[in-house]
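*Asks:* with the input below, show me the fold.
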Amino acid sequence: MMSGKIILVLLAIAAIIVSMSMFTVDERETAINLQLGEVVRADYKAGLHFKLPLVQEVLKFDKRIQNLDSDPELYLTLEKKNVKVDSFVKWRIKDVVRYYTSTGGSPGRASNRLSAVIQKSLKDEFGKRTIQQAVSGERQEIMDKLRSSAKNQADELGIEIIDVRIKRIDLPEEVSASVYARMSSEREQVAKKFRSEGEEQGKKIRAQAAREREVILAGAQRDAQKIKGDGDGRATEIYANAFSQDQEFYSLYRSLGAYRNTFNKPSDVLLLEPNTQFFKYFKSSTAEE
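*Replies:* Next comes the predicted model:
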């Protein structure tokens, strides 16, 4: 009986020792093995592993990407104006031994030290730029500089910087008002310049159009006079040819035209002597010379 109990106790102790010797590492974790406070192994892969019970201690850390989302901070620009910057950092453990020795394995301590690095870099970058440069066109450049400047210091913490992003840049209310007023003034000056240039260009176009109009009209009048002159000359030539072929018929034709123009209204009255040349074709059917 007694020996049976001893065996059971020994088996229980052995089971406890075995259980204390075994540990598992998840796919999402990285681990280090400490022996009397010294790191003896840090290359564990996911799966079941063993350690010396009571002598060795295994610490596990999350190796997934961590998100550091700090509260918005105020930074001075080159013009000594404050801007409120909201940013975040994504990081993960790169060297677990260095991470443990530099931060004690505390994610909070790692985030605090990383936050201090990022804040210093933001302060330096915004201090080199005006508000307009920081807000309008150089945000990507600032983020690139942040990643580059934080990389070396993050390496010292055993951390890899995955990404640094500026979510938004806000201006304090008093600064926003002054910036808006300045930008409005600048846009108004640009608008005045464009309007002035447009009016000047319009005057040039109108003057050019007026000159071209005068040239076109002068050319048209010249051509019209030429055509009219040619037509009158041609008509005179036709009349002369017709008159030379039958002078009497031409004289009758001209007289009929004169009668028609003179007596085209019933109320027209013309006082002339009957023997005038004007009525020679009314005296007889044959005109006398």
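
*Asks:* for this structure, what's the longest helix?
*Replies:* Criterion DSSP state H: the longest helix present in the chain is helix 173-245.

*Asks:* quick check: mean pLDDT of that helix?
*Replies:* The average of the pLDDT scores along helix 173-245 is 84.

*Asks:* contact partners of the strand or helix carrying S148?
*Replies:* Secondary structure from DSSP states H and E places S148 in helix 139-156. By C-beta atoms under 8 Å, 6 or more residues apart in numbering, the surrounding residues in contact with helix 139-156 are 89, 91, 94-95, 98, 102, 114, 117-118, 121-122, 124-126, 129, 134, 160-161, 163-166, 169. Any C-beta I mention is one placed from the backbone N, CA and C, and that applies to glycine too.

*Asks:* dump the residue contacts of the residue nearest to D69 when sequence neighbours are not counted.
*Replies:* On the basis of C-beta to C-beta, 6 or more residues apart in numbering, the spatially nearest residue to D69 that is not a chain neighbour turns out to be F88, at 4.4 Å. The contact partners of F88, taken as C-beta under 8 Å, 6+ apart, are 67-70, 164-165, 167.

*Asks:* domain map for this protein?
*Replies:* Per automatic domain parsing, the domain ranges recorded for the chain read 2-62, 66-171, 248-289.

*Asks:* buried deepest among the ones you listed, which one?
*Replies:* Between the domains of the chain, domain 66-171 has the highest mean count of neighbours, a mean of 16, where neighbours are mean count of other C-beta atoms under 10 Å.

*Asks:* and that one, end to end?
*Replies:* With C-alpha to C-alpha, to the nearest Å as the measure, domain 66-171 spans 29 Å from end to end.

*Asks:* now find how far off-centre that domain is within its chain.
*Replies:* Mean-position distance between domain 66-171 and its chain equals 27 Å (C-alpha atoms, centre = their mean, to the nearest Å).

*Asks:* quick revisit: turn the domains of the chain into TSV, columns for distance to R187.
*Replies:* Converted to TSV, the domains of the chain look like this (distance: least, C-beta to C-beta, whole Å):
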stretch	distance to R187
domain 2-62	51
domain 66-171	13
domain 248-289	74
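
*Asks:* still on that earlier bit, the helix holding S148: what's the following helix or strand?
*Replies:* Counting by DSSP H and E, the next helix or strand C-terminal to helix 139-156 is strand 159-170.

*Asks:* list the helices and strands that next one packs on?
*Replies:* strand 82-93, helix 107-127, helix 139-156 (3 or more C-beta pairs under 8 Å, 6 or more residues apart in numbering; DSSP states H and E).

*Asks:* residues contacting that strand, please?
*Replies:* If you take C-beta under 8 Å, 6+ apart as the criterion, strand 159-170 is touched by 65, 72, 83-94, 99, 110, 114, 118, 134-135, 139, 142-143, 146-147, 150-151, 154.

*Asks:* tell me the angle of it relative to strand 82-93?
*Replies:* Relative orientation of strand 159-170 and strand 82-93, computed by axes from the mean of the first three to the mean of the last three C-alpha atoms, to 10 degrees: 160 degrees.
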